[in-house]
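pasting the structure only:
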């Protein structure tokens, strides 16, 4: 994504990667400005970003509240934060796979939006993926936001009971007698095939990314992107 932002819209974008090898590869082979470290321990990252994206990270963090507070501080007033995480209400996967061992927290739209509100981030848009497996919320840093704690808590009122009802109804028998497993398998095979077709000619990671950039440019003009991470 960092490569596409930089090469499609000319964004002054930076990345943050906890894996030292991945970060070094991005810098040395893709010429991308990628910092090494974690959100909670990244004092070298400056603030005043127009846009921050964090995809499938928050569920792995031991202290997501601290991370969201730091991300709030990195945004300029009016800047946007895009967060995507797995959906705790998802029923596209087998019941045995509802809770992943690497996920320390689970999220639904109400709980994710409430976390943002508690950190001074107002949710302005949200969506559930087509298969229901992921949720995405776009927040804006609004320094005028001042909601009573009771109003913020009410955002998740009754949600635990709703999730419990979903989990109780998502039984192995119902799942495997439904069309969900077939649809999931078909979608996975289609995605794998399209990916193989897309990268059949380029040699090397950078050539693959350049191909994706060229394909995206062919779909239409792109605006100049703001500063983001």
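Sure, I can see it. Worth saying up front: this structure is predicted, and the values here are computed from it rather than measured.

how about residue 119, what does it touch?
Residues in contact with residue 119, defined by C-beta atoms under 8 Å, 6 or more residues apart in numbering, are 65, 68-69, 71-72. Quick note: C-beta positions are derived from backbone N, CA and C, even for glycine.

could you redo the residues you listed as JSON lines and give each row secondary structure?
Formatted as JSON lines, the contacts of residue 119 follow (DSSP: H, G, I helix; E, B strand; the rest coil):
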{"residue": "65", "secondary structure": "helix"}
{"residue": "68", "secondary structure": "helix"}
{"residue": "69", "secondary structure": "helix"}
{"residue": "71", "secondary structure": "helix"}
{"residue": "72", "secondary structure": "helix"}
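
and of the residues you listed, the nearest to residue 101?
When the contacts of residue 119 are compared for distance to residue 101, the smallest value, 21.9 Å, is given by residue 65; criterion: C-beta to C-beta.

can you give me the strands for the protein?
With strands called from DSSP state E, the chain shows them at 15-17, 34-36, 49-55, 75-86, 121-128, 134-141.

Please identify which of the ones you listed is closest to residue 106.
Across these, residue 106 has its closest neighbour in strand 75-86 (7.2 Å, C-beta to C-beta).

Which secondary structure elements does the closest one sit against?
strand 49-55, helix 109-118, strand 134-141 (3 or more C-beta pairs under 8 Å, 6 or more residues apart in numbering; DSSP states H and E).

Just put the ones you listed in TSV and tack on mean pLDDT and distance to residue 151.
TSV is the format used below for the helices and strands packed on strand 75-86 (pLDDT from 0 to 100; distance: least, C-beta to C-beta, whole Å):
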stretch	mean pLDDT	distance to residue 151
strand 49-55	94	25
helix 109-118	97	8
strand 134-141	98	17
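
nearest to residue 156, of those?
Among the helices and strands packed on strand 75-86, helix 109-118 sits nearest to residue 156 (C-beta to C-beta), with 4.7 Å.

that older thread, are any of the contacts of residue 119 buried, and which?
By neighbour count, with 16 or more other C-beta atoms under 10 Å, those hold 68-69, 71-72 as buried.

Take these and write them to a markdown table, including distance to residue 120.
Output for those, formatted as a markdown table (distance: C-beta to C-beta, whole Å):
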| residue | distance to residue 120 |
| --- | --- |
| 68 | 9 |
| 69 | 8 |
| 71 | 11 |
| 72 | 6 |
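
For residue 219, state which of the residues you listed is nearest.
Taking C-beta to C-beta as the measure, residue 219 sits nearest to residue 71 out of these, at 30.0 Å.

Tell me which residues touch that closest one, please.
Contacts for residue 71 (C-beta under 8 Å, 6+ apart) come out as 39, 52, 54, 81, 119.

Give me the buried entries from these.
If we count by 16+ other C-beta under 10 Å, the contacts of residue 71 have these buried: 39, 52, 54, 81, 119.

any idea how far the last one lies from residue 110?
From residue 119 across to residue 110, the span is 15 Å (C-beta to C-beta, to the nearest Å).

same deal with the third one?
Using C-beta to C-beta, we find residue 54 at a distance of 19 Å from residue 110.
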